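A.B. asks: Here is my input; please provide its structure:
(2 chains)
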Amino acid sequence: DAKTTQPNSMESNEEEPVHLPCNHSTISGTDYIHWYRQLPSQGPEYVIHGLTSNVNNRMASLAIAEDRKSSTLILHRATLRDAAVYYCILRAYQTGANNLFFGTGTRLTVIP
Amino acid sequence: EAQVTQNPRYLITVTGKKLTVTCSQNMNHEYMSWYRQDPGLGLRQIYYSMNVEVTDKGDVPEGYKVSRKEKRNFPLILESPSPNQTSLYFCASSLGRNRPSTEAFFGQGTRLTVV
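C.D. replies: Below is the predicted model:
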């Protein structure tokens, strides 16, 4: 499986935008880019996913580089509830494609 | 409401006493999976199931068993628990088989302590 690299931690002020980066230089053409987050004492939660084009949903936006070797999860206005560990995960069309392989993720701290 | 339900949420048991952690989903998902989460090691997959009667090992299957007799349920069985199985366990489900574009849903977790 192609690997992802994320910063260990980031901080943001409340109500400011947050850009969480992810590098995936060995991504293949059919790999989907997924983001999950894990709030304290909870199970992981789906945030967003994309393949080639930028994606928006009610939780966040996903900006994918043109060469697909990196992506950025954008939280438009961070709230205290957004404090969590954010995981960037690649998933390919293959046997076991439903499996999620979690790395260490980025721990986001939101400062009031 | 779409959800994955795990029971119990907390469990303290003794070494060697068989236990089962239940997982149930109400979304008619084919795929279900179990993970354990440990400090410094992150989330690691124990077993997964692509459909009824189809299960396969994940990265850390030793000491665990699973079964998938019904689509909605995927219990995790520890036949002889040991202290190194003290962990936080999560069950997950998603639609379809070998589909990388689907969203996974996770349960709230089961914190297991084996003394």
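
A.B. asks: Every contact and neighbour count from this point should use C-alpha atoms.
C.D. replies: Will do.

A.B. asks: Just give the nearest non-adjacent residue to residue A:16, would you?
C.D. replies: Of all residues not flanking residue A:16 in the chain, residue A:77 sits nearest, at 4.9 Å (CA to CA, 6 or more residues apart in numbering or on different chains).

A.B. asks: Surely that neighbour touches residue A:12?
C.D. replies: No - here residue A:77 lies out of contact with residue A:12, judged by CA atoms under 8 Å, at a distance of 9.7 Å.

A.B. asks: These two: who's more crowded?
C.D. replies: Comparing residue A:77 with residue A:12 by other CA atoms under 10 Å in any protein chain shown, the one with more neighbours is residue A:12, at 19 against 14.

A.B. asks: Contacts only, for that one.
C.D. replies: Shown in contact with residue A:12 (CA atoms under 8 Å, 6 or more residues apart in numbering or on different chains): A:18, A:78, A:108, A:109, A:110, A:111.

A.B. asks: which residues does it form a beta bridge with?
C.D. replies: residue A:110 (DSSP bridges).

A.B. asks: same deal with residue A:89?
C.D. replies: Here residue A:89 sits in beta bridges with residue A:34, going by DSSP bridges.

A.B. asks: what number of residues lie near it?
C.D. replies: 24.

A.B. asks: From residue A:75, how far out is it?
C.D. replies: Residue A:89 sits 17 Å away from residue A:75, going by CA to CA, to the nearest Å.

A.B. asks: Mind jotting down where the strands sit in chain A?
C.D. replies: A:9-13, A:18-23, A:32-38, A:45-50, A:55-56, A:61-64, A:70-75, A:84-91, A:106-111 (DSSP state E).

A.B. asks: helices or strands next to the last one in the packing?
C.D. replies: Packed against strand A:106-111 by the contact rule (3 or more CA pairs under 8 Å, 6 or more residues apart in numbering or on different chains; DSSP states H and E) you find strand A:9-13, strand A:84-91.

A.B. asks: which residues touch residue B:8?
C.D. replies: Neighbour list for residue B:8: B:21, B:22, B:110 [criterion: CA under 8 Å, 6+ apart].

A.B. asks: Hmm, I typed the wrong one, I wanted residue B:57.
C.D. replies: By CA under 8 Å, 6+ apart, the neighbours of residue B:57 are B:46, B:47, B:48.

A.B. asks: do the same with residue B:26
C.D. replies: Contacts here follow CA under 8 Å, 6+ apart; on that basis residue B:26 touches B:2, B:3, B:4, B:72.

A.B. asks: quick one: which of these sit in strands?
C.D. replies: Using DSSP E, the contacts of residue B:26 in strands are residue B:4.

A.B. asks: Give the closest residue to residue A:111 in space, chain neighbours not counted.
C.D. replies: That would be residue A:13: by CA to CA, 6+ apart, it lies 4.7 Å from residue A:111.

A.B. asks: let me fix that: residue B:106
C.D. replies: Distance criterion CA to CA, 6+ apart; nearest residue to residue B:106, sequence neighbours excluded, is residue B:92 at 4.3 Å.
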